[in-house]
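# Sequence and predicted structure below; questions after.
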Amino acid sequence: MNKVILMGRCTRDPEVRYGGANNSAVARFSLAVDRRFKREGDEQTADFINCVAFGKTAEFIEKYGRKGTKFVTEGRIQTGSYTNKDGQKIYTTDVVVENVEFAESKGSGNGGSQSDNGDFQSANSDPGDGFMNIPDGIDEELPFN
């Protein structure tokens, strides 16, 4: 089984390209994932993990992902290699993101998620008042104003 779950912040704005036969989106970004424990003498307290997402998930990341946005991602590790222009073989490791959720939203700590099937779902809601918390910036998608 190859399954990865990460929670971290985008280190930069995602790079999104469209292409292929159906002109689908491909988003590349990296997450700074805090290490759980700090070892004595270690300066680095986070790992910087390269991620790639496709289709609707990539479009969601393009729309809502910015430097500093905290996401929870679910996916799989994929390794590869290529030969650079100097003739050296370069090995790569990426997390192919299949599902992404907001790990927090402004002021509330709640968020939503985007899965491969394109559905937007609430990750957390407050059962006390019966209303779901809506992340900032999706007003234009709501059926009412």
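Arrived safely.
# from here on, contacts and neighbour counts on C-alpha atoms
Fine.
# Would you mark the buried spots in whichever strand or helix holds residue 99?
Residue 99 belongs to strand 89-102 when assigned by DSSP states H and E. Of the residues in strand 89-102, 94-102 count as buried by neighbour count, 16 or more other C-alpha atoms under 10 Å.
# ok, what's across the strand from residue 54?
residue 26 (DSSP bridges).
# Next up, the contacts around it.
24-27, 97-98 (C-alpha atoms under 8 Å, 6 or more residues apart in numbering).
# If we use 10 Å, what do you get?
Neighbour list for residue 54: 16-18, 24-28, 60-61, 96-98, 116 [criterion: C-alpha atoms under 10 Å, 6 or more residues apart in numbering].
# May I have stretch 62-77 as CSV, with CA atoms only?
Below are the C-alpha coordinates for stretch 62-77, written out as CSV (Å, rounded to 0.1, in the frame of the first residue of the first chain):
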residue,chain,number,x,y,z
GLU,A,62,-4.8,26.9,-8.0
LYS,A,63,-7.8,28.8,-6.7
TYR,A,64,-7.2,28.6,-3.0
GLY,A,65,-3.5,27.8,-2.5
ARG,A,66,-1.2,30.6,-1.7
LYS,A,67,2.2,30.9,0.1
GLY,A,68,1.4,30.1,3.8
THR,A,69,-1.9,28.3,3.2
LYS,A,70,-2.2,25.3,5.5
PHE,A,71,-3.5,22.1,3.8
VAL,A,72,-4.0,18.5,4.7
THR,A,73,-3.2,16.4,1.7
GLU,A,74,-3.7,12.7,1.0
GLY,A,75,-2.0,10.9,-1.8
ARG,A,76,0.8,8.5,-2.8
ILE,A,77,4.5,8.8,-3.2
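# for it, which positions count as buried?
62, 65-66, 69-76.
# my guess is residue 2 contacts residue 79, does it?
No: look at residue 2 against residue 79 with C-alpha atoms under 10 Å: they stay out of range, at 11.7 Å.
# Which of these two has more residues huddled nearby?
Using other C-alpha atoms under 10 Å as the criterion, residue 2 and residue 79 rank with residue 79 on top: 11 against 7.
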